[in-house]
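Q: Could you work out the structure for the sequence below:
(chains A, B, C and D)
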2 protein chains.
Amino acid sequence: MTLVEAFHDAIKAVRVLKQRHPTQAPIGVLAAIRRRESSGCHLKELASEHALDPSTISRAVAALVRAGLVERTADPLDGRASTLHVTESGHTLLDQTQTFYEARITAALRDWTPEEIDALTTSLSRMAHDLITQEEEARCAQ
Amino acid sequence: MTLVEAFHDAIKAVRVLKQRHPTQAPIGVLAAIRRRESSGCHLKELASEHALDPSTISRAVAALVRAGLVERTADPLDGRASTLHVTESGHTLLDQTQTFYEARITAALRDWTPEEIDALTTSLSRMAHDLITQEEEARCAQ
DNA sequence: GAAGATAGTTGTATGCAGCAAGCATTCCGA
DNA sequence: TCGGAATGCTTGCTGCATACAACTATCTTC
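A: Numbers count the residues shown, from 1 in each chain, chains lettered A, B, ... in the order given. Got it, this is the predicted structure:
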């Protein structure tokens, strides 16, 4: 079993999880907004954080605003931009969703020790960092 | 950093990797066909292995056949089905692609020890297995 | 031999993604 | 200070992956 194959299996597992418990709203983007809300979240930052096109994020944010989960307020420092804030119901939905998924994962990994989970988390994060760094180096080099 | 967040980052890294080195053909399906080719690969098995709808796999296989990477031969034991075989050029493309990605990943993880890579591979695979098992249990229980 | 199960294909719809164009605003150099 | 370039964001269009439903052809079972 190679790393690529293992990753394939993991992505499949996540697909099954998502498919069986679909979310109405783009929860990932909502979570990202909350994570950086204190510093006045701009759409552009979300795009680069997710490595997605700004237009993709723009539509996701528009959906969140339509659903009443996020509010836009004009940025006083930059007339082109607006800052994003999670609303009351946005917080509620996000909390519920995160609680739900955490419970699922905790149940699935009930045989794991906390150290094992920590180790996987750390390794995954490190791998992601190293892959991204490498791609950025390759992009600059060319 | 939670496991979910780490996974998010990892998926982002893979997305960047794929985006910067796009593949023309559905390589994942091609690899799966080769992996089980010895036992006469049926479309249905691919679908369940990937946890995807048969129609999705059907289109992917059709694309592979159109591209000359895979051949269909009638199954002598079952007139409804056909067995799939990777062609010469399919093997070539698959080898090239896998070599390329392996080189990228090896370069990105150049600071890792083989044991660390093994540990991540094992953990990921175990996590995927546990998540899938849990979902199947939940499905049967309901 | 007929009814139902099964393998696969195709039509349709949806969601997510990117690119290109455009608008409003801001920044910067002559 | 003014005009062109850059920036933040939105919208139109397109392509891809996916699911579901309907269908055909074949197999299985009674």
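
Q: how much space between the residue most central in space within chain A and DNA strand D?
A: Here the mean C-alpha position of chain A is nearest to the C-alpha of residue A:28 (Cα atoms, centre = their mean), at a distance of 3.7 Å. For residue A:28, the distance to DNA strand D equals 16 Å [Cβ to the nearest atom of the strand, to the nearest Å]. C-beta: built from backbone N, CA, C; applies to glycine.

Q: My understanding was that that residue contacts residue B:8; is that so?
A: Yes - using Cβ atoms under 8 Å, residue A:28 is in contact with residue B:8, at 6.7 Å.

Q: low-confidence ranges in chain A?
A: Counting by pLDDT under 70, chain A shows low-confidence ranges at A:142.

Q: Run through the helices of it in chain order.
A: Taking DSSP state H as the criterion, chain A carries its helices at A:3-20, A:27-35, A:43-50, A:54-66, A:88-108, A:114-141.

Q: Adding distance to chain B, write these out as TSV.
A: Formatted as TSV, the helices of chain A follow (distance: least, Cβ to the nearest Cβ, whole Å):
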stretch	distance to chain B
helix A:3-20	4
helix A:27-35	7
helix A:43-50	6
helix A:54-66	11
helix A:88-108	4
helix A:114-141	4
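
Q: Looking at those, which one is packed in the most?
A: Ranked by mean neighbour count, the helices of chain A are led by helix A:27-35 with a mean of 20 (mean count of other Cβ atoms under 10 Å in any protein chain shown).

Q: relative to helix A:43-50, how tilted is that helix?
A: 120 degrees (axes from the mean of the first three to the mean of the last three Cα atoms, to 10 degrees).

Q: now the closest residue to DNA strand C within chain A: how far from residue A:54?
A: Proximity of chain A to DNA strand C (Cβ to the nearest atom of the strand) peaks at residue A:79, 2.5 Å away. Per Cβ to Cβ, to the nearest Å, residue A:79 is found 17 Å from residue A:54.

Q: near DNA strand C, which residues of chain A show up?
A: Neighbours of DNA strand C within chain A, by Cβ under 7 Å from any atom of the strand: A:26, A:51, A:52, A:53, A:55, A:56, A:59, A:60, A:63, A:78, A:79, A:80.

Q: Now the two most distant members of the residues you listed.
A: A:51 and A:79 (27.2 Å; Cβ to Cβ).

Q: More neighbours: which of the two?
A: Between residue A:51 and residue A:79, counting by other Cβ atoms under 10 Å in any protein chain shown, residue A:51 is the more crowded of the two (14 against 8).

Q: give me every residue that touches that one.
A: When contacts are counted by Cβ atoms under 8 Å, 6 or more residues apart in numbering or on different chains, residue A:51 touches B:12, B:15, B:16, B:19.

Q: residues in contact with the first one?
A: The one in question is residue B:12. Counted by Cβ under 8 Å, 6+ apart, residue B:12 has contacts A:50, A:51, A:128, A:132.

Q: Distance-wise, check it relative to residue B:31.
A: 22 Å.

Q: And for the second one?
A: Relative to residue B:31, residue B:15 is positioned 19 Å away (Cβ to Cβ).

Q: same question, the third one
A: With distances defined as Cβ to Cβ, the gap from residue B:16 to residue B:31 amounts to 21 Å.
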